[in-house]
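Chemist: how would this look folded up:
(2 chains)
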Amino acid sequence: MIRNDIVRVYREVHSWVGILSGLFLFIAFYAGALSMFEEEIQRWASPPLQLEYITPIEQSQDLIDAVIQKHPGAAKNFNIILNPSPEYPARMHWQERDPGADDHAPAVNYFADFGPNKELIVSKEKASIVGQLIDTIHQQVGILIDHELAMPITGFVSALYALALASGLIILLPTLLKDLFALRLAGKFKRKWLDIHNLLGVFSFPFHLVMALTAVVFALHDYFYGSQMVTIHKDSTAPRTGPPAVAAPSAGSSYYPIDQLLKDLAVSAPEFKPEILNYRQGRGEKPKHMLFVAGKDARHHASRPRHGLVNLNAFTGEILATDYMPGRQEALQATVSSFFALHFGNYGGSITQWIYFILGLAGAMLFYSGNLLWIEAKRKQNRNKQGFRSDKLLYRLSIGVSLGCIAGISSIIAAAKLFPTHWQSLTSAYTSLYYLVFFACIAIALLPFKRDASGILLIVCAFTSSLIPLSSLLALNENLAWNHADSTVLVDLLALSFALSFAYLGFKRRNMAT
Amino acid sequence: MSTASSPKRFRYTNKQWLAKLSAAIILGFLLTVAVTGLLMDVVFGPVFIFSVQGQFLMWSIAPIWVLILSSCFMFRSGLRAWCYLAAANLAIWPFVWPW
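Modeler: You can find the predicted model right below:
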């Protein structure tokens, strides 16, 4: 039995770390849940391909030579895309920074192919950036500043989140069995939300524990490595390891033919489905070359968000290392990879994808209900207080931030089809739109009306979400937008169901108030 | 008057939360790095920082540090938190520091 003074200590800890991190975590979880469908959103948001201009795989070497001759910077690191898609709309892809741009400026994506008369066509950034932007909102808990600056904030929020989990478990333990299945929905406001909060918290506890610990590492790994480097790894004489690299057999040798390489790989690793060939080249007189093949294996967890990697010799096609290859890792490597996989949910195929999506939305709900409970407790304390009321401010802020985040994300997805063409690849246009909607919602929520703004903001969420399927309807006229006749219809259907749910809740809320 | 046979029971509060939490953040982090060093010496031997073993050691910082952060409120006072965590650091660092 846990002493009740200890329970009281942890109840205070829980409510303070909860209120400090709750709104950031709501944004992180809502955006994170949507990013389970990042590939679908990305394809939905990108215009379809002119497939007649994709270079045949047998001519890849000619394409590589032609590109490097005109754009020498590409040689350092480029991709050969095996199955071009709206996301990677060409055979060859690489990134470059604009000359004079500083190190933190986002790199520009370049895509290259041969035209009908084998002339080189290079285009900048055709794929939509919406999928990546949602991922960034997730990683940076909604704070769209420079990545290096945002990561310590995410680390701080993640640490509070871990602390909230530990303290939440301690305060619930003494009454766990009694309270867990008591879902007293009919009872008082506080009882209902407390039961929902406990139920969500207990049943998704393992998920949240994994998310909190991995998020701490993702956000702070530079600092963790740094502090180990100057202490326990100081003056380390341990042999350096890294992905194997090979020098070219002679200056100007061609890479191993890619069509042959794929045939070899299909024999040596039949379950591994290659998608992208990433070629890298070191510096110096005789630069070393590396070739990573990124691909998927449905039977195993992957080591990176969407792919596993196998390291090949770029000139002979032989396998050099399988450290990051799904199903071919050694135990410790597989363990480390599983930390990534457990966060990204990239194991077990689409069932896991859906479970993570639902757990992510449930997580957002957990933090929202936590905020409501804090506010309710404060409201009771402040009942007779005149003037400034922290509970009222926080209630309005909670509504504004969470519904503003939902409306903002829906708007930027819809904007991928609704923006004028020359805005569609402009990161700043999307960022501005997100912040415009987000802060407008917060401003509306903070307006000093007697009735809170949740009703009207839910309608705003419903409207912005409905713009997603509506923008797809524009494609009835081919000049206005596009539709891919494939699984991306999922994006429209999900957005439609979100819009209907928000509209239902919004009108119910307004009727209740009148 | 309380005697040795019936001592007044100590009751935990959050009065010194800042002292306890700052001890867990600063000394707790140093202790965590020391524990990963101990883990390296005992289990792996010297390894390259970005090797698989090195990655594992970096990952193990998160659970250990979070454990210290969440248990620091069980120190009876802020002073005790700083003293105990300092003592734990002094006990482990001489063994793991690469002299």
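Chemist: what's the following helix or strand after the worst-scoring helix or strand of chain A on mean pLDDT?
Modeler: Lowest on mean pLDDT, DSSP states H and E among the helices and strands of chain A sits helix A:176-180, with a mean of 68. Sequence-wise, the next helix or strand downstream of helix A:176-180 (DSSP states H and E) is helix A:189-203.
Chemist: need the residue closest to the centroid of chain B.
Modeler: Nearest to the geometric centre of chain B sits B:Gly28, at 3.9 Å (Cα atoms, centre = their mean).
Chemist: from B:Phe73, how far off is that residue?
Modeler: 12 Å (Cβ to Cβ, to the nearest Å). Every C-beta, even on glycine, is put in place using the N, C-alpha and C of the backbone.
Chemist: so what's the closest residue to B:Leu57 other than its chain neighbours scoring on pLDDT?
Modeler: Of all residues not flanking B:Leu57 in the chain, B:Thr36 sits nearest, at 4.7 Å (Cβ to Cβ, 6 or more residues apart in numbering or on different chains). What the model reports for B:Thr36 is a pLDDT of 97.
Chemist: go on, the one 10 residues further on?
Modeler: B:Pro46 carries a pLDDT score of 89 in this model.
Chemist: got it, and A:Leu194?
Modeler: Reading off the model, A:Leu194 has pLDDT 87.
Chemist: surely it meets A:Leu372?
Modeler: No. With contacts defined as Cβ atoms under 8 Å, A:Leu194 does not count as touching A:Leu372, sitting 9.5 Å away.
Chemist: where do the domain boundaries of chain A fall?
Modeler: A:1-47+A:128-236+A:330-381, A:48-127, A:246-322, A:385-514 (automatic domain parsing).
Chemist: against A:Arg280, how distant is the closest residue to A:Gly282 other than its chain neighbours?
Modeler: The shortest distance from A:Gly282 to any residue other than its chain neighbours is 4.3 Å, reached at A:Lys288 (Cβ to Cβ, 6+ apart). When distance is defined by Cβ to Cβ, A:Lys288 is 9 Å away from A:Arg280.
Chemist: quick check, pLDDT for whichever residue of the stretch 201-350 of chain A sits closest to chain B.
Modeler: Using Cβ to the nearest Cβ, A:Ile232 is the residue of the stretch 201-350 of chain A that sits closest to chain B, at 3.6 Å. According to the prediction, A:Ile232 has pLDDT 92.
Chemist: counting by contacts, list what the longest helix anywhere in chain B packs against.
Modeler: Counting residues, the longest helix found in chain B (DSSP state H) is helix B:17-39. Applying 3 or more Cβ pairs under 8 Å, 6 or more residues apart in numbering or on different chains; DSSP states H and E, one finds that helix B:17-39 contacts helix A:205-229, helix B:52-59, helix B:61-71, helix B:78-96.
Chemist: any chance of those helices in CSV, plus mean neighbour count and mean pLDDT?
Modeler: Listed next are the helices and strands packed on helix B:17-39 as CSV, based on neighbours: other Cβ atoms under 10 Å in any protein chain shown; pLDDT from 0 to 100:
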stretch, mean neighbour count, mean pLDDT
helix A:205-229, 19, 96
helix B:52-59, 22, 95
helix B:61-71, 20, 97
helix B:78-96, 15, 96
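Chemist: any chance of JSON lines for the ones you listed, columns distance to A:Val437?
Modeler: Below are those laid out as JSON lines (distance: least, Cβ to Cβ, whole Å):
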{"stretch": "helix A:205-229", "distance to A:Val437": "26"}
{"stretch": "helix B:52-59", "distance to A:Val437": "37"}
{"stretch": "helix B:61-71", "distance to A:Val437": "34"}
{"stretch": "helix B:78-96", "distance to A:Val437": "45"}
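Chemist: A:Tyr347: which of the ones you listed is closest?
Modeler: Between A:Tyr347 and the helices and strands packed on helix B:17-39, the shortest gap by Cβ to Cβ is with helix A:205-229, which sits at 12.4 Å.
Chemist: work out the gap between the closest one and the centre of the chain.
Modeler: Relative to its chain's centre, helix A:205-229 lies at 16 Å (Cα atoms, centre = their mean, to the nearest Å).
Chemist: got it, and stretch A:109-117?
Modeler: Centre-to-centre, stretch A:109-117 and its host chain are 29 Å apart (Cα atoms, centre = their mean).
Chemist: please apply the same query to stretch A:133-140.
Modeler: Distance, stretch centre to chain centre, for stretch A:133-140: 5 Å (Cα atoms, centre = their mean).
Chemist: for the record, mean pLDDT for it?
Modeler: 95.
Chemist: again with stretch A:78-89
Modeler: pLDDT averaged over stretch A:78-89 gives 86.
Chemist: quote the end-to-end distance of it.
Modeler: Distance between the two ends of stretch A:78-89: 14 Å, counting by Cα to Cα, to the nearest Å.
Chemist: which parts of that stretch are buried?
Modeler: A:78-82, A:84-89 (16 or more other Cβ atoms under 10 Å in any protein chain shown).
Chemist: CSV please, covering the residues you listed and showing distance to chain B.
Modeler: As requested, the buried residues of stretch A:78-89 are exported to CSV (distance: Cβ to the nearest Cβ, whole Å):
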residue, distance to chain B
A:Phe78, 24
A:Asn79, 23
A:Ile80, 27
A:Ile81, 28
A:Leu82, 28
A:Pro84, 33
A:Ser85, 31
A:Pro86, 34
A:Glu87, 29
A:Tyr88, 28
A:Pro89, 34
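Chemist: which one of the residues you listed is nearest to B:Val96?
Modeler: Minimum distance to B:Val96 across the buried residues of stretch A:78-89 is 41.9 Å, recorded for A:Asn79 (Cβ to Cβ).
Chemist: follow-up on the earlier one: in terms of pLDDT, where does the residue nearest to A:Gly282 sit?
Modeler: pLDDT, the model's per-residue confidence, is 87 for A:Lys288.
Chemist: leaving aside the residues adjacent along the chain, what's closest to the residue nearest the centre of chain A?
Modeler: By Cα atoms, centre = their mean, the mean C-alpha position of chain A lies nearest to A:Asp135, the distance being 2.9 Å. Using Cβ to Cβ, 6+ apart and skipping residues adjacent in sequence, the residue nearest A:Asp135 is A:Ser35, 5.0 Å away.
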